[in-house]
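K.L.:
return a 3D structure for these sequence lines:
(chains A and B)
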2 protein chains.
Amino acid sequence: MDVKLINPFLEAAINVLKTMAMVDAKPKAPYLKKERTAIGDVTGIIGITGQSEGSLSISFQKDCIITIVGNLFGSPPADLNDEVRDAVGELTNMICGDARRRLESQGIVLQAGTPTVVSGERHVIAHIVKGPVIAVPFSTPKGDFVVEIGLSK
Amino acid sequence: MDVKLINPFLEAAINVLKTMAMVDAKPKAPYLKKERTAIGDVTGIIGITGQSEGSLSISFQKDCIITIVGNLFGSPPADLNDEVRDAVGELTNMICGDARRRLESQGIVLQAGTPTVVSGERHVIAHIVKGPVIAVPFSTPKGDFVVEIGLSK
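P.N.:
From the prediction side, this is the model:
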């Protein structure tokens, strides 16, 4: 996978969370994902087609997404309910869209499907893609999340 | 969502499971998905773009996928491990590809991303899409699975 495909997704995650939810997300060191460990309590997933095929996921710890959704709507949700799932879907959509615009300015045109959101404590996410899966963990003042990108080339 | 988009996915699921895993899957009555209840223990998800945008998921009960993977590889896996996740990804890919070929013969051209597989007991799947989400439950001699399709038009 071309590394220049990765940064736009990370910049998009930081930008969308800052703009929409007033959350400062600090990226930690990216790593190649080998172990398929449980990484979050709610995950947004979106499929990518076009010049490269693959999938993007964003997995949030419960405390992190409760804070983000609270900032979005003014009061924190009681639990990982439909409101949270809808918000994770919308955030995943916005982050993917922001990243695609950044990539287009580099001449890389990707399409995206619509998001699917999975909730369930300690679920495991596996991107089934020919090529490496890059994981970039982020910290926020209220918990962590991780962006994973698997692309075919 | 145009109903003629649905049948090719169902025919593809039946065909792929019969051909690859010698499993007879019997469709039950489809329904519009309103409740986001937990529907399986391992789910393959794939994003769709092209003339319609959306997502496809196939969620298996544990006993069902253990039997399918056992038939694929000759001996049943001990648990919902990486072998099972890879097999679910491959089956999701094949079912989506088979459905897309059927749709192409009707003049409907869709692209697909690569599959993402989620495992975790009683996880909840939400397709975030403008438009209805159709769920079609299937029974097999060894447990159930459900195909869900959300498309934007």
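K.L.:
biggest helix in chain A by residues?
P.N.:
As assigned by DSSP state H, the longest helix anywhere in chain A is helix A:82-104.
K.L.:
centre of the chain to the helix or strand just after it, how far?
P.N.:
Using DSSP states H and E, the helix or strand that follows helix A:82-104 in sequence is strand A:110-112. Centre-to-centre, strand A:110-112 and its host chain are 15 Å apart (C-alpha atoms, centre = their mean, to the nearest Å).
K.L.:
stretch A:22-32 now?
P.N.:
With C-alpha atoms, centre = their mean, you get 11 Å for stretch A:22-32.
K.L.:
next, see if that stretch gets close to chain B.
P.N.:
No. Under the criterion of C-beta under 8 Å from any C-beta of the partner chain, chain B is not reached by stretch A:22-32; the shortest gap measures 15.9 Å. All C-beta atoms are positioned from the backbone trio N, CA, C, and that covers glycine.
K.L.:
what mean pLDDT does that stretch have?
P.N.:
Mean per-residue pLDDT for stretch A:22-32: 92.
K.L.:
in chain A, what residue comes closest to chain B?
P.N.:
Shortest chain A-to-chain B distance, computed as C-beta to the nearest C-beta: residue-wise this is A:G47, at 1.7 Å.
K.L.:
circling back to that earlier point, so which elements touch the longest helix of chain A?
P.N.:
helix A:6-21, strand A:38-50, strand A:54-60, helix A:62-73, strand A:110-112, strand A:116-127, strand B:116-127 (3 or more C-beta pairs under 8 Å, 6 or more residues apart in numbering or on different chains; DSSP states H and E).
K.L.:
using JSON lines, lay out these together with distance to B:S52 and mean neighbour count.
P.N.:
Listed next are the helices and strands packed on helix A:82-104 as JSON lines, based on distance: least, C-beta to C-beta, whole Å; neighbours: other C-beta atoms under 10 Å in any protein chain shown:
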{"stretch": "helix A:6-21", "distance to B:S52": "25", "mean neighbour count": "19"}
{"stretch": "strand A:38-50", "distance to B:S52": "13", "mean neighbour count": "25"}
{"stretch": "strand A:54-60", "distance to B:S52": "18", "mean neighbour count": "28"}
{"stretch": "helix A:62-73", "distance to B:S52": "28", "mean neighbour count": "20"}
{"stretch": "strand A:110-112", "distance to B:S52": "12", "mean neighbour count": "21"}
{"stretch": "strand A:116-127", "distance to B:S52": "15", "mean neighbour count": "24"}
{"stretch": "strand B:116-127", "distance to B:S52": "13", "mean neighbour count": "24"}
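K.L.:
can you tell me how far the residue nearest the centre of chain A is from B:F138?
P.N.:
Nearest to the geometric centre of chain A sits A:I58, at 2.6 Å (C-alpha atoms, centre = their mean). In this view, A:I58 and B:F138 are 30 Å apart by C-beta to C-beta, to the nearest Å.
K.L.:
kindly report the same for A:T114.
P.N.:
From A:T114 to B:F138 the distance is 23 Å (C-beta to C-beta).
K.L.:
between these two, who's got more neighbours?
P.N.:
More crowded of A:T114 and B:F138, by other C-beta atoms under 10 Å in any protein chain shown: A:T114, with 25 against 22.
K.L.:
who's in contact with the more buried one?
P.N.:
Contact analysis of A:T114 by C-beta atoms under 8 Å, 6 or more residues apart in numbering or on different chains lists A:46, A:89, A:93, B:47, B:53-55, B:127-130, B:150, B:152.
K.L.:
once you drop chain neighbours, what's closest to it?
P.N.:
Leaving aside its chain neighbours, A:T114 sits nearest to B:V129 (4.4 Å; criterion: C-beta to C-beta, 6 or more residues apart in numbering or on different chains).
K.L.:
three-state assignment of the one you found?
P.N.:
coil (DSSP: H, G, I helix; E, B strand; the rest coil).
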